[in-house]
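In: model this:
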Amino acid sequence: MIALAAAVLGLVIGSFLNVVIYRVPRRHSVVWPASHCPECGEPITPRDNIPLVSYLLLRGRCRKCGERISPRYPLIEALTAILFGAAGYQFGLSVGLLSALVLIATLICLAVIDLEHGLLPNVIVGPCAAVGFVLSVIGDPAGWWVYIVSALAVGGGLLALALSYPAGMGMGDVKMGGMLGAFLGPYGALAVFIGALCGALVGGLLLLSGKIRRRSALPFGVFMALGGVVSLFEGPEIVALYLRLVGV
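Out: Sure thing, here's the model as predicted:
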């Protein structure tokens, strides 16, 4: 029941994340004006704003002007629902679940914005890092210092890379790394490692296929977000597997 409730909540939150993803990079308010068609400006009525269902009923087009609605909208809603449901199943009714839901929502926003605009907005990263740290401390009061150290260590490591190779990494990546440390503690480093591994793999495949050139930039925030989700759900298991493999 917790997983189901979390999934339903994910549909609603996913709808709001679409607003954040569209408006924040454009420096628009996320609360005003009400949702409207970006082409004709017609306000979206409640019956046309039901997650997933409205998109299907409207056949992916605005009721007023008939302009095509990006499939990104239902995809974000569905992805958020799936990940929220998985978090509800794994963490149960706990502070850990609340922290997981905030992290998942944040990572989805950052990944899509970075993919579309090459940005990791401070207005999202900063407040969410603070919320993540507070929730981490509430869930593990005795280990509060671990999250500070992790945020500084992960962010500091990425800062060193950014300073040594400015063309390959931006300050947004550095701040996002620190945010992962605030949420995940030492598993924030694992998230960055997984992200770098996935980025190298995808970059290599795109390079071989001729889709990008050797010095083309990739949105590292997308891969860090993927690493963050994997570390959230499987971080301890991955580390334990690695330790077994090396005989520790």
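In: give the contact list for the residue nearest the centre of the chain.
Out: With distances taken as CA atoms, centre = their mean, the residue of the chain nearest its centroid is residue 107 (1.1 Å). Residue 107 makes contact with 225, 228-229 under the criterion CB atoms under 8 Å, 6 or more residues apart in numbering. Heads up, the C-betas are built off the backbone N, CA and C, glycines and all.
In: Identify, from the residues you listed, the entry nearest to residue 178.
Out: residue 228 (12.3 Å; CB to CB).
In: Just say helix, strand or coil for that closest one.
Out: helix (DSSP: H, G, I helix; E, B strand; the rest coil).
In: For the nearest residue to it once chain neighbours are set aside, what is the enclosing helix or strand?
Out: The shortest distance from residue 228 to any non-neighbouring residue, by CB to CB, 6 or more residues apart in numbering, is to residue 191 (4.3 Å). According to DSSP states H and E, residue 191 maps onto helix 187-209.
In: Go through that helix and flag the buried ones.
Out: Neighbour counts over helix 187-209 (16 or more other CB atoms under 10 Å) mark 187-192, 194-196, 198-199, 202-203 as buried.
In: I'd like the next helix or strand past the helix or strand hosting the residue nearest to the centre of the chain.
Out: Using DSSP H and E, residue 107 sits in helix 95-117. Later in the chain than helix 95-117, the nearest helix or strand by DSSP H and E is helix 122-139.
In: Just the buried positions in that next one, please.
Out: Those would be 124-125, 128-129, 131-133, 135-137, 139, for helix 122-139 by 16+ other CB under 10 Å.
In: Identify all contacting residues around the helix or strand bottoming out on mean pLDDT in the chain.
Out: Of the helices and strands making up the chain, the lowest-confidence element is helix 53-57, at a mean of 91, by mean pLDDT, DSSP states H and E. The contact list for helix 53-57, computed with CB under 8 Å, 6+ apart, reads 47-48, 69, 73-74.
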